[in-house]
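J.: 3D model of this:
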Amino acid sequence: MNPMHTERGFDRLVNFSDAVVAIAITLLILPLVDTATEFTGDNILDLLQEDWLKLLVFVISFVVIGRFWLAHHRMYESINGYNSGLLWVNLLWLMSIVFLPFPTELIATSGGDNPTTSLLYVGTMVVTSMSGAWQQWIVIRHPELQAPEARGTIRIGPAISTAAMMVVVFIATALLPQLGLLTLLLLLLAGPLQAITRRLARRSDAGTAAP
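T.: You can find the predicted model right below:
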């Protein structure tokens, strides 16, 4: 897989990825907009109480997609080229991102009591996290894709920790369906876990560099 270093092609790849994520994250709010349009009461608290589940799933999905995008953005800030492998795995990552509003809406409308729907929701995030780690692995395996100032600093640990957390949540959702949405709250731990892994990696690098 020979790297492609055309600046225009790389910019198109990044801009396309950002646009797809922006569309997906915008789609999350549309069911709530529809609910607000149909609301005919006077007390907004009644609406919030009635549709608390939609609000909760929206917040979880928004935060998780935001974390995925931040990791993706951080990785692409460290590279200045791409190859066919990175291109196709990035498309898989984007497919899972743009698919996420579908299971999000299914959970909101089913009340969160359907184990199959919850598994589809978390399973989508498993694909996102694993394809993100896969991209990181490709970048590490092909240092020619990396920006000169970033070479030797890219670590796969944070991406692996995120993927592992998603797998744990998926297993918990499958084995403990009676917990319902409580297992989904574990998804919010993915961001802090990734930050801890990145901090440990920096400390390790600093210890290695010390005389």
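
J.: and the nearest residue to M125 once chain neighbours are set aside, what element?
T.: The spatially closest residue to M125, leaving aside those adjacent along the chain, is M166, at 5.1 Å (C-beta to C-beta, 6 or more residues apart in numbering). Any C-beta I mention is one placed from the backbone N, CA and C, and that applies to glycine too. When elements are defined using DSSP states H and E, M166 is found to belong to helix 157-175.

J.: what does the most centrally placed residue in the chain show for phi and psi?
T.: In the chain, the C-alpha nearest the mean C-alpha coordinate belongs to F68, at 2.9 Å (C-alpha atoms, centre = their mean). When read as degrees, to the nearest 10, the backbone of F68 gives phi -60, psi -40.

J.: ok, it touching S129?
T.: Yes - here F68 reaches S129: they are 7.4 Å apart, a contact under C-beta atoms under 8 Å.

J.: confidence score at R141?
T.: pLDDT for R141: 92.

J.: which strands or helices does the strand or helix carrying R67 pack on?
T.: The secondary structure element spanning R67 is helix 52-77 (assigned by DSSP H and E). Applying 3 or more C-beta pairs under 8 Å, 6 or more residues apart in numbering; DSSP states H and E, one finds that helix 52-77 makes contact with helix 7-27, helix 30-38, helix 84-99, helix 101-110, helix 115-141, helix 157-175, helix 190-209.

J.: tell me what angle that helix forms with helix 7-27.
T.: Orientation of helix 52-77 against helix 7-27 (axes from the mean of the first three to the mean of the last three C-alpha atoms, to 10 degrees) gives an angle of 170 degrees.

J.: nice, that's everything, thank you.
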